[in-house]
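1. need a 3D model of the following:
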Amino acid sequence: MSRFLGPLDSEGRIPSLQQTRVAAFLISAHGALARQYAIALPMRIEAAWQTELNAQFYRESEIVSLLQRSTSWVPDMALAYMAASWETAWLPEPVEGIINQPLALPIDLATRAHAIHAGIRPAALLPVDANVNDPFVLALRRIEFESGRLLQAQILLLKSDSLVPFRDAVSTALERRHAEVRKLWADALESIGITVRQER
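-> A predicted model of the protein is given here:
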């Protein structure tokens with residue numbers, strides 16, 4: 001097992017199978033966020049947070065598009081099974097302790113988005129000698145940069161004054177989502193010889 005993608009080819013490129021598996025996971029995660037933002041978007045934007053929702057939808061869509069175009073894809077027989085487990089994990093879930101559904105659904109979406117943007121650091125997998133001009137390498141760096149920006153919006157929502165009465169429920173939901181995303185990401189990477197789990 002290695003902490004980095006590779007071994008690199010003679011031009012410093014990531015192996016195509018690793019590109020395929022990593023890109024498929026990221027497309028599943030960010031694609032699910034884009035779909036759920038699209039559903040949550042109101043027909044008419046009337047509040048500042050709705051404007052941010054619209055911006056997040058487009059940024060998630062751009063991440064998916066970028067990965068589709070920059071990845072060197074190869075057939076991967078394991079993806080059908082793996083993708084099914086990923087897609088199931090992204091489904092909306094009720095937030096325990098919050099019975100107001102119009103409030104619970106945005107909280108669930110924000111906790112999931114927070115876990116994906118904070119818990120997945122694809123550029124950290126790149127070895128120092130990776131080809132800096134390779135489209136896949138550039139895409140992973142761009143995604144990590146965008147995730148840092150998108151994370152701020154989730155933090156603002158989850159720490160907003162309107163959620164103070166539900167702070168414990170939000171914290172519990174956030175911890176659960178983070179643990180779930182960490183496990184899915186680690187499992188996907190271990191399937192291609194990469195380890196991100198901390199040694200105890």
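2. every contact and neighbour count from this point should use C-alpha atoms.
-> Fine.
3. quick one, helices of this protein?
-> 16-40, 48-70, 79-89, 101-119, 135-158, 167-190 (DSSP state H).
4. which of these sits closest to residue 10?
-> helix 16-40 (13.5 Å; C-alpha to C-alpha).
5. out of the helices of the chain, nearest to residue 2?
-> Nearest of the helices of the chain (C-alpha to C-alpha): helix 167-190, 9.1 Å.
6. a markdown table for the helices of the chain, including mean pLDDT and distance to residue 126?
-> Formatted as a markdown table, these follow (pLDDT from 0 to 100; distance: least, C-alpha to C-alpha, whole Å):
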| stretch | mean pLDDT | distance to residue 126 |
| --- | --- | --- |
| helix 16-40 | 95 | 11 |
| helix 48-70 | 88 | 15 |
| helix 79-89 | 96 | 22 |
| helix 101-119 | 89 | 16 |
| helix 135-158 | 92 | 7 |
| helix 167-190 | 96 | 13 |
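7. figure out which of those helices is closest to residue 1.
-> So among the helices of the chain, helix 167-190 is nearest, using C-alpha to C-alpha, at 7.6 Å.
8. packing partners of the closest one?
-> Judged by 3 or more C-alpha pairs under 8 Å, 6 or more residues apart in numbering; DSSP states H and E, helix 167-190 is in contact with helix 16-40, helix 79-89, helix 101-119.
9. can I get these in JSON lines including distance to residue 51 and mean neighbour count?
-> Listed next are those as JSON lines, based on distance: least, C-alpha to C-alpha, whole Å; neighbours: other C-alpha atoms under 10 Å:
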{"stretch": "helix 16-40", "distance to residue 51": "11", "mean neighbour count": "20"}
{"stretch": "helix 79-89", "distance to residue 51": "27", "mean neighbour count": "14"}
{"stretch": "helix 101-119", "distance to residue 51": "14", "mean neighbour count": "21"}
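10. in CSV: those, plus distance to residue 147.
-> Output for the helices and strands packed on helix 167-190, formatted as CSV (distance: least, C-alpha to C-alpha, whole Å):
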stretch, distance to residue 147
helix 16-40, 10
helix 79-89, 19
helix 101-119, 5
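11. go through those helices and name the closest to residue 189.
-> helix 16-40 (7.4 Å).
12. show me what the closest one is packed against.
-> Contacts defined by 3+ C-alpha pairs under 8 Å, 6+ apart place helix 16-40 against helix 48-70, helix 79-89, helix 101-119, helix 167-190.
13. the inter-axis angle of the first one versus helix 101-119?
-> In terms of direction (axes from the mean of the first three to the mean of the last three C-alpha atoms, to 10 degrees), helix 48-70 departs from helix 101-119 by 40 degrees.
14. how about helix 48-70: buried residues?
-> Neighbour counts over helix 48-70 (16 or more other C-alpha atoms under 10 Å) mark 53-54, 56-57, 59-64, 66-68, 70 as buried.
15. all set, thanks.
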